[in-house]
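Visitor: Here is the input, now give the coordinates:
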Amino acid sequence: MISDNAIALSDELVMRLLQADDAPMLFTQIDRNRLHLRQWLPWLDDATQLTDSEHFIGLTRNESQSGAAYTFAITLQQELIGICSLDAIEQNKQSANIGYWLAEAHCGQGIMTRCVERLITIAFRDIGLRQLHLNTAEGNGKSRAIAERLHFRQRYKILNAEDLYGEWIDHIRYTLNTEDWTTDR
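Guide: Model (predicted):
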C-alpha cells in the first residue's frame with residue numbers, strides 16, 4: 001500500500017494521494033479547464049458539481065486502501081493543478097494503467113513527464129509491478145510525447161476505443177516493462 005505522504009518532485013511541485021478536502025480545488029480546476037479537458041476526456045459531463053468531485057475522491061480513497069489503484073493530486077505551490085494515477089492494478093498480471101490530466105495553464109512545462117516518471121518508479125520499485133500500459137487518443141500528440149519521452153513502446157492501435165462526446169476515437173496503446181526501465185532514474 002502506498003502511504004499518504006507527499007512526494008516532493010521539487011520545492012514547489014508535489015504529488016500526494018487525493019484527500020477528501022481536495023474536492024473544492026479539484027472541482028474548481030475541472031470547471032476552469034472544462035474546454036481544454038474535453039478534447040480528450042469523456043467524463044466531463046459527469047463532473048458538473050462539487051459532490052461529483054467528492055464522490056470521485058471517495059472512490060479513489062477506497063481503491064488506494066485496497067491496492068486496486070492510486071490517484072495522486074498534483075500540486076504546484078499547494079494548488080491542485082492536475083491528477084495522475086495508477087489504475088486497474090492487476091497483481092496477478094503485475095500490471096497497471098497510467099492516467100493523467102493537467103490544467104491547461106501548466107501544460108508544456110514538463111510537469112506531467114516528471115509526475116509520470118515518478119508513477120513508473122512507484123509502480124516498479126514500490127508496488128513490484130512488471131508492466132505499465134498507457135492508452136492515449138491517437139490525435140493527442142502531447143500525451144503521446146510523454147509516453148515516448150519516458151521510453152514506453154507503442155504496441156498497437158485500438159480502433160473505436162472511446163466515445164468522445166459522439167465521436168468514436170482510436171487509441172494508441174503504449175507499454176513499458178521493467179526490463180526497459182533503468183533503475184538509475
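Visitor: Which residues in the helix ranked longest in the chain does the neighbour count mark as buried?
Guide: With secondary structure taken from DSSP state H, the chain has its longest helix at helix 50-66. For helix 50-66, the neighbour count (16 or more other CB atoms under 10 Å) marks 52-54, 56-57, 60-61, 63-64 as buried. Using the backbone N, CA and C atoms, a C-beta is placed for each residue, glycine as well.
Visitor: Return that helix as CSV; C-alpha atoms alone will do.
Guide: Listed next in CSV are the C-alpha coordinates belonging to helix 50-66 (Å, rounded to 0.1, in the frame of the first residue of the first chain):
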residue,chain,number,x,y,z
LEU,A,50,-18.8,19.7,-6.2
THR,A,51,-20.5,16.5,-5.0
ASP,A,52,-19.2,14.7,-8.1
SER,A,53,-15.6,15.5,-7.1
GLU,A,54,-16.4,14.4,-3.5
HIS,A,55,-17.7,11.1,-4.8
PHE,A,56,-14.7,10.6,-7.1
ILE,A,57,-12.3,11.2,-4.2
GLY,A,58,-14.2,8.8,-2.0
LEU,A,59,-13.9,6.1,-4.7
THR,A,60,-10.2,6.8,-5.1
ARG,A,61,-9.6,6.5,-1.4
ASN,A,62,-11.3,3.1,-1.3
GLU,A,63,-9.2,1.9,-4.3
SER,A,64,-6.0,3.0,-2.7
GLN,A,65,-6.9,1.3,0.6
SER,A,66,-7.5,-2.0,-1.3
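Visitor: Which secondary structure elements does that helix sit against?
Guide: Here helix 50-66 touches strand 13-17, helix 23-32, strand 70-76, going by 3 or more CB pairs under 8 Å, 6 or more residues apart in numbering; DSSP states H and E.
Visitor: Give me the contacts around it.
Guide: 1-2, 17-20, 22-24, 26-27, 30, 46-47, 69-71, 85 (CB atoms under 8 Å, 6 or more residues apart in numbering).
Visitor: Filter these down to just the buried residues.
Guide: 17-18, 22-23, 26-27, 30, 47, 69-71, 85.
Visitor: Need the pLDDT of D184.
Guide: Looking at D184, its pLDDT stands at 46.
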